[in-house]
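> Any chance you could fold what I've pasted below:
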Amino acid sequence: MALPLAEPTTSSPLPTPWSAARLLLLLAVTVLAAALRLWHLERWSWNEDEAHTFRLLAMSSEQLATEPERWHPLLPWLLRQLAEHGWLAGLTEGWLRLPFAFVGALTVPLLAVMAAPLLGTGVAVLAALLLALHPWHVAQSQTAAPAVVLAAGVTAVLGLVLRRRYVLAAVTQVVVVAVHPLGWLAALGLSAGLLRGRAAAIALPVVALVAAVAAIWWLDWVRPWLLAAAGLAACGSARARSAWLAVVTPAAAAAVLAWAGVVEFAVVGLLALPGVLALATGAVVELGGQWRSALAGRRWLSAAGAALVAGLATIDGGVENWLRATLHEGNRPAWRVAKDLALGTVQGPGGLLLAAASGAGPLGCYLRPNDGREVGDPHPGIEVRTIDLALGTAALAQLRQERPDASCLLVLRADEAAQWQRDPELATALQRGFELWRVLPGPRQGSDHTLFVYRRRSAAAPAGPRPGG
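Numbering: from 1, shown residues only. A predicted model of the protein is given here:
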C-alpha cells in the first residue's frame, strides 16, 4: 500500500495488515541487519567516544554524579547492570559494543512497524532494508556510544506519533531524554506532528528550508534521502504533511545546533536517518507509481528506474560496508597497535609517560582500564596523559621537563601532527624535544587515521629500533 495522496476519510490509522510473506521478509531483513552489525565487531580499536563510555562504566556512583551524564544516566546504568549481572562477559571491544549493535539491529524492524500505518507494509519493509544496509547506521551500531540508542528512541517516538499514540509517545520521550541530552528533540517531532491547519502550513516551508540547507551543506550521509523525502512535503495529504513535520523537524533543529557548534554533525545525521529513510522510500515509491502510470505499455522504462534506485542503494550500502569492514578496518586509528608498542617499550627507572591528544581516551582504556576502580593495576608504572594541542610549545615544554627519570612517548594522529608542523615554532620545538620513532599507517590512504609515535630526546628515552628498523 503506497502513501495516499488524497485526504484520508477517517482519522484512524490506515489499515496495514501484515501478511505472513511480508513478516518473513521483515525477519530476513532483520537477520541481515544483525549480521552486518555483528560482523568484525571486535576487530578494530576503541575510538574516542567509546573511551568515554568505557570510563563511565569504570566510575563509581559518586564519580558519575559529577559528570554531565548525571542528567541522563539511564544508559550508563543499564550498561553497568549488564556488566554486573554477567550479561557482558567482559569489557573488551566486542562485548561493550554488543548492546549497541543489538539496538542498531532492533531499529530496523522498529522502523518498519512504526512506518507501516502511513506507508503500508511493503514500503515499510523496503525502508527497513535501506536502513539495514546504510553504511553510516552500520558504523554507528558498531560503536559503543549513545548516538545509535538516541536514533532508535527518536524513531520510536515518531512512530508512535504517526500511529497517534500520543500518551505512549510522551512516555517514550521521557525515556529518550534519560538516555541522551538531545533526546528532547524528539519532543519537537511530537509537537510538530500535532500541528494542523494554518499552523502546519506555516511550519512546513520553514522546516523544509532549514532541512534543505542542512542537507545540501552538511549532512552528506543523509543528503539524497532528505531531498527525496521532500517529495512528501508537497503531498496533498494532511496526514503526510504531519508525518513529514514530525520526522524532519527534530533533524532540522539538530542541524541548527550542529551549525552553532553545540553538537556534532554525526549525531544529527544519525538522529534523522531512520525517519528520513522511511519518508524518502514512500516518496520514491509514490513517484514510481505515477511514473509507471504515465508510461503505460512501457514497463521496461519503469523497471529501469526501479533498478537504478535499487542499484544505487545496493552500491551505497553493500560496497561501502564491505570496504569498511575489510580494507578500511573500521576507519579507526590503530590505537591498539600503539598500546602494544607502549607495552613493548623499555621503561625508564620512573616508568613510562604516554602522552596523546585525542588518543588519550582509547589508550587509557587499554593501559589504565582500572583507573577509578578499587581493583588491581594491570600495567604499573605507565601513566597516560592528555595533552592540549592548543597549548602548543607550553605542552611540549612540560612533557620535556616532567618525570625526567621516565621514558616518554607522544602519540599524535596525522591531522594533529600536521597542525603542529604548520607552525614553525611548534615544529622546531617538537623536533628539538622529540624524535619520530614509529609511523603506524592508517587503513585508508590520505586519511587522518595514521599515527605518529614520537619519543623524548633524553637519557631515559625508550630503547628500540629506529623508524624502518
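
> Can you get me a residue count around Ala200?
Counted by other C-beta atoms under 10 Å, the residues lying close to Ala200 total 17. C-beta coordinates here come from the backbone N, C-alpha and C atoms, glycine included.

> quick one: average pLDDT of the helix or strand containing Gln431?
Secondary-structure element containing Gln431, defined by DSSP states H and E: helix 424-433. Averaging pLDDT along helix 424-433 gives 89.

> cool, stretch 276-289 as well?
For stretch 276-289, the mean confidence score works out to 73.

> For it, list every residue counted as buried.
Neighbour-count burial for stretch 276-289, with 16 or more other C-beta atoms under 10 Å as criterion, is recorded at 276-286.

> can you list these in a markdown table and add secondary structure and distance to Leu270?
Shown next, in a markdown table, are those (DSSP: H, G, I helix; E, B strand; the rest coil; distance: C-beta to C-beta, whole Å):
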| residue | secondary structure | distance to Leu270 |
| --- | --- | --- |
| Val276 | helix | 11 |
| Leu277 | helix | 11 |
| Ala278 | helix | 15 |
| Leu279 | helix | 16 |
| Ala280 | helix | 16 |
| Thr281 | helix | 18 |
| Gly282 | helix | 20 |
| Ala283 | helix | 21 |
| Val284 | helix | 21 |
| Val285 | helix | 24 |
| Glu286 | helix | 26 |
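
> Tell me the buried residues in stretch 385-404?
Result for stretch 385-404 [16+ other C-beta under 10 Å]: buried residues 385, 387, 392, 395-396, 399-400, 403.

> Looking at those residues, which are in helices?
395-396, 399-400 (DSSP state H).

> which two of the residues you listed lie the greatest distance from each other?
Largest separation among these by C-beta to C-beta: Ala395 and Arg400, giving 9.9 Å.

> residue boundaries of the strands in the chain?
Secondary structure of the chain by DSSP state E: the strands cover 352-356, 382-386, 407-413, 434-440, 451-456.

> Surely Gly251 and Val276 touch.
No Gly there; residue 251 is Ala. Yes - counting by C-beta atoms under 8 Å, Val276 is a contact partner of Ala251 at 6.6 Å.

> residue closest to the middle of this structure?
Taking C-alpha atoms, centre = their mean, the centroid of the chain lies closest to Gln140, which sits 3.5 Å from it.

> my read: that residue touches Leu150, true?
No - with contact defined as C-beta under 8 Å, Gln140 does not reach Leu150; the gap is 9.9 Å.

> Find residues that contact each of those two.
The contact sets of Gln140 and Leu150 overlap at Leu270 (C-beta atoms under 8 Å, 6 or more residues apart in numbering).

> Which of the helices and strands in the protein ranks last by mean pLDDT?
Every helix and strand of the chain was ranked by mean pLDDT, DSSP states H and E. The lowest is helix 223-229, at a mean of 55.

> From Ile382, how far off is Leu343?
Distance of Leu343 to Ile382, computed by C-beta to C-beta, to the nearest Å: 8 Å.

> Can you check which residues contact both of the two?
Contacts common to Leu343 and Ile382, judged by C-beta under 8 Å, 6+ apart, are Leu367.

> Look at these two and report which has more neighbours.
Ile382 (23 against 13).

> so what's that one up against?
By C-beta under 8 Å, 6+ apart, the contact set of Ile382 is 342, 347, 351-352, 354, 367-368.

> In terms of residue numbering, what are the domains of the chain?
20-330, 333-456 (automatic domain parsing).

> Please work out which of these is packed deepest.
By mean neighbour count, with neighbours taken as mean count of other C-beta atoms under 10 Å, domain 20-330 ranks first of the domains of the chain at a mean of 19.

> Just the pLDDT at Ala65, thanks.
In this prediction Ala65 is given a pLDDT of 70.

> Angles on the backbone of it, please.
Main-chain torsions, Ala65, degrees, to the nearest 10: phi -70, psi -10.

> Could you pull up the residues touching the residue nearest to Leu160 when sequence neighbours are not counted?
Nearest non-adjacent residue to Leu160, counting by C-beta to C-beta, 6 or more residues apart in numbering: Ala169, 3.7 Å away. Neighbour list for Ala169: 157, 160-161, 190 [criterion: C-beta under 8 Å, 6+ apart].

> Same check on Leu91?
54, 57, 83, 369.

> correct me, but the third one touches Leu56?
No - taking contacts as C-beta under 8 Å, Ala83 lies outside contact range of Leu56: 11.3 Å.

> sorry, back to before: check the buried residues of stretch 385-404 against Pro443 and report the nearest one.
Ile387 (24.7 Å).

> ok, that closest one to Leu410 distance?
Look at Ile387 and Leu410: by C-beta to C-beta, they are 8 Å apart.

> cool, and Ala124?
For Ala124, the distance to Leu410 equals 52 Å [C-beta to C-beta].

> same deal with Val256?
Distance, Val256 to Leu410, by C-beta to C-beta: 38 Å.

> For Gly350, give me phi and psi.
According to degrees, to the nearest 10, Gly350 has phi -90, psi 10.

> Can you verify my assumption that it contacts Asp405?
Yes - using C-beta under 8 Å, Gly350 makes contact with Asp405 at a distance of 3.5 Å.

> Just name the closest of the buried residues of stretch 385-404 to Ala128, please.
Ile387 (44.6 Å).

> Who are the contact partners of that closest one?
Taking C-beta under 8 Å, 6+ apart as the test, what Ile387 contacts is 355-357, 360, 395, 399, 410.

> swap in Val29?
Per C-beta under 8 Å, 6+ apart, neighbours of Val29: 108-109, 112, 125, 128-129, 132.

> rerun that using 7 Å as the cut-off
Contact partners of Val29, counting by C-beta atoms under 7 Å, 6 or more residues apart in numbering, are 108, 125, 128-129, 132.

> Just to be sure, which of the residues you listed are found in helices?
108, 125, 128-129, 132.

> thinking again about what came up before, return the distance of the residue nearest to Leu160 relative to Val157.
To Val157, Ala169 is 5 Å away according to C-beta to C-beta.

> Return every residue with contacts to both of those two.
Listed as contacting both Ala169 and Val157 by C-beta under 7 Å, 6+ apart are Leu190.

> Now Glu49: closest residue in space that isn't a chain neighbour?
Not quite, residue 49 is Asp, not Glu. Closest residue in space to Asp49, ignoring its immediate chain neighbours: Ala145 at 3.8 Å, by C-beta to C-beta, 6+ apart.

> With Ala132 instead?
Per C-beta to C-beta, 6+ apart, closest to Ala132 is Ala33, 3.6 Å.
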